[in-house]
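*Asks:* here is a sequence with its predicted model. Questions after.
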Amino acid sequence: MFVTLREACGLGQRELGAWLGVSLGAVQLWEAGSRPIPDERALKLMELDDMIRDGASMALKPIFETRPDVPVTLVRYKTDAAYARTQFAADLPRSSHTAMLWRIVDGLKRLDHECAMVWADEPAVKE
């Protein structure tokens with residue numbers, strides 16, 4: 001379950017270690033079942049998943065309540081430096097922000113809503 005949750009949050013083992021303030025080796029030992037996952041670390045990962053889910057839900061709700069026919073453009077960031085200048089950077093790793101965007105895209109596609117994903121400062125690419 002821990003691996004599945006890590007992947008759903010868009011994090012590699014090294015990124016998760018950095019997010020949790022532990023070494024790559026600690027994450028690998030947890031995932032191998034060689035060491036128990038400390039409760040506070042597991043809770044922090046679950047909180048990250050909640051933030052991603054809630055962020056996706058908050059983004060989707062107004063689209064369907066007020067502008068169901070307007071195409072949606074979502075922005076991704078190619079570099080940590082570009083992402084660091086956003087409002088999300090303090091709370092969410094860049095890869096988790098991308099995971100949240102893909103959850104939004106999935107929700108839009110399920111409802112047959114048009115969307116595009118763009119890289120910051122680059123032309124739109126139809127999804």
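*Replies:* Great, that's in hand. Numbering: from 1, shown residues only.

*Asks:* do a quick rundown of the strands in the protein.
*Replies:* Counting by DSSP state E, the segments of the chain that form strands are 72-76, 115-119, 124-126.

*Asks:* what about this protein, any weak spots by pLDDT?
*Replies:* 67-68, 121-127 (pLDDT under 70).

*Asks:* neighbours around the closest residue to residue 31 other than its chain neighbours, how many?
*Replies:* Computed as Cβ to Cβ, 6 or more residues apart in numbering, the closest residue to residue 31 that is not its neighbour in sequence is residue 3, at 5.4 Å. All C-beta spots, glycine's among them, are computed from the backbone N, C-alpha and C. Neighbour count for residue 3, taken as other Cβ atoms under 10 Å: 13.

*Asks:* now swap in the one 4 residues further on and tell me
*Replies:* Counted with other Cβ under 10 Å, residues neighbouring residue 7 total 12.

*Asks:* before we move on, what about residue 44?
*Replies:* 14.

*Asks:* quick one: it from residue 110, how far?
*Replies:* Between residue 44 and residue 110 the distance, using Cβ to Cβ, to the nearest Å, works out to 29 Å.

*Asks:* same question for residue 84.
*Replies:* Residue 84 sits 32 Å away from residue 110, going by Cβ to Cβ.

*Asks:* more crowded one of the two?
*Replies:* The neighbour count for residue 84 versus residue 110, taken as other Cβ under 10 Å, is higher for residue 84 (12 against 9).

*Asks:* for stretch 88-98, C-alpha coordinates in PDB please.
*Replies:* Output in PDB follows, covering the C-alpha atoms of stretch 88-98 (Å, rounded to 0.1, in the frame of the first residue of the first chain):
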ATOM      1  CA  PHE A  88       1.900  25.500  -4.800                       C
ATOM      2  CA  ALA A  89       5.600  25.100  -4.200                       C
ATOM      3  CA  ALA A  90       5.500  25.600  -0.500                       C
ATOM      4  CA  ASP A  91       3.000  22.800   0.100                       C
ATOM      5  CA  LEU A  92       3.500  20.300  -2.800                       C
ATOM      6  CA  PRO A  93       6.500  18.800  -4.500                       C
ATOM      7  CA  ARG A  94       6.500  19.500  -8.200                       C
ATOM      8  CA  SER A  95       6.000  15.800  -9.100                       C
ATOM      9  CA  SER A  96       3.000  15.700  -6.800                       C
ATOM     10  CA  HIS A  97       1.600  18.800  -8.500                       C
ATOM     11  CA  THR A  98       1.900  17.000 -11.800                       C
END
